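Undergrad: Sequence plus the predicted model coming up.
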Amino acid sequence: MYTTMTVLTLTSLILPIITTFIKPNKKSLYPHYVKTTIASTFMISLFPTTLFMCTDQETIISNWHWTATQTLELSLSFKLDYFSMMFTPIALFVTWSIMEFSLWYMHSDPNINQFFKYLLIFLTTMLILVTANNLFQLFIGWEGVGIMSFLLIGWWYAREDANTAAIQAILYNRIGDIGFILALAWFLFHTNSWEPQQMLLLNTNSNLLPLAGLLLAAAGKSAQLGLHPWLPSAMEGPTPVSALLHSSTMVVAGVFLLIRFHPLTESNQSIQTLTLCLGAITTLFTAICALTQNDIKKIVAFSTSSQLGLMMVTIGINQPYLAFLHICTHAFFKAMLFMCSGSIIHNLNNEQDIRKMGGLFKTLPLTSTSLTIGSLALTGMPFLTGFYSKDLIIETANMSYTNAWALSMTLIATSLTSAYSTRLILLTLTNQPRFPTLTNINENNPTLLNPIKRLTIGSLLAGFLIINSIPPTSPSQTTIPLYLKLTALSITFLGFLTAFDLYLLTNKLKMKNTSHMFHFSNMLGFYPSTIHRTIPHASLLMSQNLASLLLDLAWLEKSMPKAISHHQISASITISSQKGMIKLYSLSLLIPLFLALLLIM
Amino acid sequence: MCMADTPSRGFLMPCALVPWGSPELGWGASSLVEPRPLPAEMVATQQEMMDAQLRLQLRDYCAHYLIRLLKCKRDSFPNILACKQERHDWDYCEHRDYVMRMKEFERERRLLQRKKRREKKAAELAKGQGPGEVDPKVAL
């Protein structure tokens, strides 16, 4: 029953996609059909997850033997372990809420059926990625989510920014895919298998090369520093896309990959240090960037990137189960933050600048409440969802024998998280409205309210339920001094106080010119403008010089045809006494000849 | 949790299960510190831990409490708030194990420091440097 219901969960998602090919559905009921399918799939997926929590029994399902070469056997197999069993219902729950939200958000879009189909295909590929028992199947899911990300970011393809953002996402993800393919090749060459059971069994001395490849892949997919600009740019897509792909599911695929390979990474100190430092720098840098953004979706996007960095830090301190717990809890409140942003944006006639919002507490009570709860969960407010993972991560990092700089950066980033969350709430919800007064604001639609309510309940209770339901994965940090235990709470409170104080001050202070630090943060560290201009400029300059100087000038003019002709002409002029005056020569021949003929006659 | 890299096994074992005095322990290899007192014996057998399918990282001196906890959780499912006592027992055992390891570590560290000081003093005396002994009449 356990395996049957899991296979049923996966196959029932494919039915709505197949029906669009067999019987193209132009009716308005298709989105509701997709939403209902996902809701029922979520209910079905709870059974195997509950059975797993009760029995803690891992299973591998091998369905279809695809091909076998001399050394490699490929088959369609699903691994139903702790990670896939926990993540599947959470992904389905979040997707169900986002689908219902999309019914309201995208109701005026003429291609709403196609939009829902794309979201469904994305979800299917994501579940393929999560449940894959071999690297090839995982790669299929990996590329699938990348392609769907491209299609969904560029949904409004008539907008140039959307197209640019979609291409950007593809390019940065492709750089990460190089690492993935490198790891694939290495494992095939050294272990003759792409199945984790065999790879981990044969790989006693873990080599740095494949792990570095996997880290590069994770950095690309999970928007770590260096490969991060695509994530804030991806906010050009519709808000449901941002909520599903770029907060809860797709961006965590990179972290998920590292979690899957944690038996290899935990025995390699170099890769752990790299992961830790990369995660720490990412979490701090993106938190700094989020402080000075004015677009509500970009603030949440940078917040997502910062949390992904925190997950990397957690893997770097050899706590993959904690990182996975943070993936699960983060999905709830981050998707909800995006949905609340979408509600605000839609109600303010597509206004995304938080400087032009304000006073929404009375006009959008549920959205405001949910936004506040989501932000509190994000900052790690005690006993909300985020607390159970984030606080544990900070405590474990404090008690680990780890790099002090990485730990300090993580703590500062935690403080900045509460700072920008406070800024977001204060500017968006409180004080006087700064938008036009004739804006029609209402949140009466149940397709908007119900998903937000569901995710709010998830943000309140999911952490508690998950932490008490899962089997123990590692001993808890019970032996910890009080000052370390209270570190996370105190620095979060410090960040909140600082942001609140600065906000109160800015009401009274005269506007000053922006400082260099502000400019650095507002321009996202100048990273996108440098990288996106320098490399294409160098390529274009090189190609121009190659074409004009190397080909035209050097080859055609300086060396071969024109040079030869030039040399020949100058040589002939110099050597010969002939001046080339053909007419004169012919006349001087003809005239004496004519005169001679006259004389003879 | 203390982990020692055991090349022969290819995975990390808890320090407590690695033979005392082996080089894999690192700091625990000196002869200055005698093996730890109780509780340093495994209550849960290898067969019991295999039957319970415990993760390798959790197979330590407190594994018997963990097995009891897992059994309680399975029996009381779906009551997720049950098994508080079993959870506390396991946590407390891990806490005692941690405290004992830290005490051993600190003791060995201080013993090594004392050994280093004594060797330094002996080396200085051998060279003729250092404070030496002073005649009471001269001191007064």
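TA: Noted; the coordinates are in hand. Remember, predicted model here, so these are calculated numbers, not experimental data.
Undergrad: which SS state does the closest residue to residue A:267 other than its chain neighbours fall under?
TA: Spatial nearest neighbour of residue A:267, excluding adjacent residues (C-beta to C-beta, 6 or more residues apart in numbering or on different chains): residue A:206 at 5.1 Å. For glycine as for every other residue, the C-beta is placed from the backbone atoms N, C-alpha and C. Three-state call for residue A:206 (DSSP: H, G, I helix; E, B strand; the rest coil): coil.
Undergrad: which other helices and strands contact the strand or helix carrying residue B:88?
TA: Assigned by DSSP states H and E, residue B:88 belongs to helix B:84-127. If you count contacts as 3 or more C-beta pairs under 8 Å, 6 or more residues apart in numbering or on different chains; DSSP states H and E, helix B:84-127 packs onto helix B:63-76.
Undergrad: Identify the residues contacting the residue in the stretch 301-450 of chain A positioned nearest to chain B.
TA: Using C-beta to the nearest C-beta, residue A:318 is the residue of the stretch 301-450 of chain A that sits closest to chain B, at 8.2 Å. Residue A:318 makes contacts with A:262, A:266, A:272, A:400, as judged by C-beta atoms under 8 Å, 6 or more residues apart in numbering or on different chains.
Undergrad: which among the residues you listed gets closest to chain B?
TA: Nearest to chain B among these: residue A:266, at 6.8 Å, using C-beta to the nearest C-beta.
Undergrad: Give me the pLDDT for the closest one.
TA: Looking at residue A:266, its pLDDT reads 86.
Undergrad: quick one: it and residue A:259 touch, right?
TA: No - counting by C-beta atoms under 8 Å, residue A:266 sits too far from residue A:259 to count as a contact (10.9 Å).
Undergrad: Residues that sit against both of these two, list them.
TA: Shared contacts of residue A:266 and residue A:259 (C-beta under 8 Å, 6+ apart): residue A:320.
Undergrad: Hmm, residue A:259 and residue A:218 touching each other?
TA: No - between residue A:218 and residue A:259 there is no contact under C-beta under 8 Å: 9.5 Å.
Undergrad: And these two? Which one has more around it.
TA: Neighbour totals were compared for residue A:218 and residue A:259, and residue A:218 leads with 31 against 22 (other C-beta atoms under 10 Å in any protein chain shown).
Undergrad: and the one helix or strand that one maps to, anywhere near chain B?
TA: Using DSSP H and E, residue A:218 sits within helix A:208-221. No - Helix A:208-221 is not in contact with chain B by C-beta under 8 Å from any C-beta of the partner chain; minimum separation 15.6 Å.
Undergrad: okay, now residue A:235: neighbour count?
TA: By other C-beta under 10 Å, 25 other residues sit near residue A:235.
Undergrad: residues in contact with it?
TA: A:165, A:242, A:246, A:295, A:297, A:298, A:301.
Undergrad: Type out the ChimeraX command that picks the buried ones from those.
TA: Only the buried entries of these go into this ChimeraX selection, using 16 or more other C-beta atoms under 10 Å in any protein chain shown:
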select /A:165,242,246,295,297,298,301
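Undergrad: which of the contacts of residue A:235 are close to chain B?
TA: Applying C-beta under 8 Å from any C-beta to the contacts of residue A:235, none is adjacent to chain B.
Undergrad: farthest pair in the contacts of residue A:235?
TA: By the measure C-beta to C-beta, A:246 and A:295 form the most distant pair in these, at 13.9 Å.
Undergrad: still on that earlier bit, before we move on, what SS does the residue of the stretch 301-450 of chain A closest to chain B have?
TA: With three-state DSSP as the basis, residue A:318 sits in coil.
Undergrad: State the distance from it to residue A:397.
TA: Counting by C-beta to C-beta, to the nearest Å, the gap between residue A:318 and residue A:397 amounts to 11 Å.
Undergrad: cool, and residue B:85?
TA: Residue B:85 sits 30 Å away from residue A:397, taking C-beta to C-beta as the criterion.
Undergrad: These two: which is more packed in?
TA: More crowded of residue B:85 and residue A:397, by other C-beta under 10 Å: residue A:397, with 26 against 11.
Undergrad: Report the inter-axis angle for the helix or strand harbouring that one versus helix B:84-127.
TA: Using DSSP H and E, residue A:397 sits within helix A:385-399. Helix A:385-399 runs at 20 degrees relative to helix B:84-127, counting by axes from the mean of the first three to the mean of the last three C-alpha atoms, to 10 degrees.
Undergrad: helix or strand right after helix A:385-399?
TA: By DSSP H and E, the next helix or strand past helix A:385-399 is helix A:404-429.
Undergrad: Now do that following helix against helix A:385-399, angle only.
TA: Using the same axes, to 10 degrees: helix A:404-429 against helix A:385-399 is 160 degrees.
Undergrad: Next secondary structure element downstream of helix A:404-429?
TA: Using DSSP H and E, the helix or strand that follows helix A:404-429 in sequence is helix A:446-469.
Undergrad: Just the buried residues of the helix or strand following that next one, please?
TA: Downstream of helix A:446-469, the next assigned helix or strand under DSSP H and E is helix A:482-485. With burial defined by 16+ other C-beta under 10 Å, the residues of helix A:482-485 counted as buried are residue A:485.
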